[in-house]
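**Student:** mind looking at a prediction? Sequence and model below.
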Amino acid sequence: MSFSDFITDQGRKINRSYYVTLIQVCRVDGKIGPDEMAMLHMEGRKFGLTDPEIDRLIDSESHHEYHTPYSLDEKFEQLYNVAVMILADKVVTEEEKRAIRRIATEAGFNDDAIESLRVILLDGITNNESEEVLLERFKKSSSKSSRFKTGLRFN
C-alpha cells in the first residue's frame with residue numbers, strides 16, 4: 001500500500017483502499033441509498049475526515065485493488081464494517097452477497113470460512129451483537145472445523 005493511501009489533503013491518516021472498498025460495496029446495487037450514505041459519513045468521520053472530504057472520495061471512487069490487513073482481527077473488523085454497510089438499507093441483495101464473498105476471498109479466507117463468516121456477520125449484526133462477540137464466535141467455529149483452522153488460506 002502506498003504512503004498516499006494513508007494521508008488526506010489535510011494530513012490526516014486514513015486507509016483509503018479500505019474506505020473505497022466500503023464505497024464500492026455501497027454502490028454494488030447501482031446506487032448509494034440515504035442509509036448507506038449516512039454509514040459512509042459515520043465511518044469516514046472515524047478516520048477524521050470532514051463531510052466535504054468524504055463526499056469527494058465518494059464522487060472520485062474508481063476501481064482499485066483491495067489491500068488486505070495482515071491479522072485475523074483486522075480482517076474481521078473490515079469485513080464486519082462491510083457487513084454493516086451491506087445491512088444499512090436493511091436489504092441484502094445477491095450482488096452484496098457476492099461483494100462480501102469477493103472481499104473475504106481477497107482477504108485470504110477459504111470457501112468454508114467465507115460461508116461461516118457471512119452467516120455469523122449478517123445474522124449477528126441483524127441481532128445487534130457486538131463485533132467482539134461475533135469475532136469470538138467465528139474463531140470458535142473455525143477452531144472446531146478441521147477444514148479451516150484459522151479460516152485463512154495459506155500458500
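**Tutor:** Thanks, I have it.
**Student:** so which elements touch the helix or strand harbouring residue 76?
**Tutor:** Residue 76 belongs to helix 72-87 when assigned by DSSP states H and E. Here helix 72-87 touches helix 16-27, helix 34-46, helix 94-106, helix 111-126, helix 131-144, going by 3 or more C-beta pairs under 8 Å, 6 or more residues apart in numbering; DSSP states H and E. Every residue, glycine included, has its C-beta placed from N, CA and C.
**Student:** list of residues touching the fourth one?
**Tutor:** I take that to be helix 111-126. The contact list for helix 111-126, computed with C-beta atoms under 8 Å, 6 or more residues apart in numbering, reads 76, 79-80, 83-84, 86-87, 92, 97, 100-101, 104-105, 109, 133-134, 137-138, 141-142, 145, 147-148, 151-152.
**Student:** mind listing what's buried in that helix?
**Tutor:** 113-114, 116-118, 120-122, 124-125 (16 or more other C-beta atoms under 10 Å).
**Student:** gap between residue 108 and residue 38?
**Tutor:** For residue 108, the distance to residue 38 equals 30 Å [C-beta to C-beta, to the nearest Å].
**Student:** looking at these two, which is more packed in?
**Tutor:** Neighbour count, other C-beta atoms under 10 Å: between residue 108 and residue 38, residue 108 has more, with 18 against 11.
**Student:** what about that one, distance to residue 118?
**Tutor:** To residue 118, residue 108 is 15 Å away according to C-beta to C-beta.
**Student:** which of the contacts of helix 111-126 are buried? Put it as a ChimeraX command.
**Tutor:** Buried residues within those, by 16+ other C-beta under 10 Å, are selected in ChimeraX with:
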select :76,79,80,83,84,86,87,92,100,101,104,105,109,134,137,138,141,142,148,151
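**Student:** just to revisit the earlier point, could I get the helices and strands packed on helix 72-87 in JSON lines, plus columns for distance to residue 52 and mean pLDDT?
**Tutor:** JSON lines is the format used below for the helices and strands packed on helix 72-87 (distance: least, C-beta to C-beta, whole Å; pLDDT from 0 to 100):
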{"stretch": "helix 16-27", "distance to residue 52": "15", "mean pLDDT": "76"}
{"stretch": "helix 34-46", "distance to residue 52": "11", "mean pLDDT": "85"}
{"stretch": "helix 94-106", "distance to residue 52": "27", "mean pLDDT": "84"}
{"stretch": "helix 111-126", "distance to residue 52": "29", "mean pLDDT": "93"}
{"stretch": "helix 131-144", "distance to residue 52": "29", "mean pLDDT": "90"}
